[in-house]
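J.: no sequence for this one, just the structure:
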């Protein structure tokens, strides 16, 4: 009887760990989906409260192709891990043409 309880407990524990792990993946995926959805849109039409608002950029760099790259910080307050990304904007059209992680992607997640 005791071994069956232990077995049931381990099954439940494994299910909970799996659900938490998948939930975390969804939050990271949602973060990436938000930035992927911006590609092709106007870089200057972002509102201050939206992801990708360039007015919050820490730094601005010029890429070898002449496009500007904006570094944005999405780190969570009170956490040591940083979440920084870079957004590339086409210099003539001012459209977002790409983005990339500058920090570990696991530190970047969207809060629902």
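T.: It's in. Just so it is clear, the structure is predicted and the values come from calculations on it, not from any experiment.

J.: all strands of this structure, in order?
T.: 59-62, 68-73, 84-89, 96-101 (DSSP state E).

J.: Could I get those strands in CSV, plus columns for mean neighbour count?
T.: (Glycine included, C-beta is placed from N, CA and C.) CSV is the format used below for the strands of the chain (neighbours: other CB atoms under 10 Å):
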stretch, mean neighbour count
strand 59-62, 11
strand 68-73, 18
strand 84-89, 20
strand 96-101, 18
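
J.: Measure how buried residue 80 is and give me the count.
T.: When neighbours are counted by other CB atoms under 10 Å, residue 80 registers 7.

J.: Switch the strands of the chain over to a markdown table; also include distance to residue 40 and mean pLDDT.
T.: Shown next, in a markdown table, are those (distance: least, CB to CB, whole Å; pLDDT from 0 to 100):
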| stretch | distance to residue 40 | mean pLDDT |
| --- | --- | --- |
| strand 59-62 | 21 | 95 |
| strand 68-73 | 16 | 96 |
| strand 84-89 | 11 | 97 |
| strand 96-101 | 7 | 97 |
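
J.: who wins for proximity to residue 42 among those strands?
T.: strand 96-101 (7.7 Å; CB to CB).
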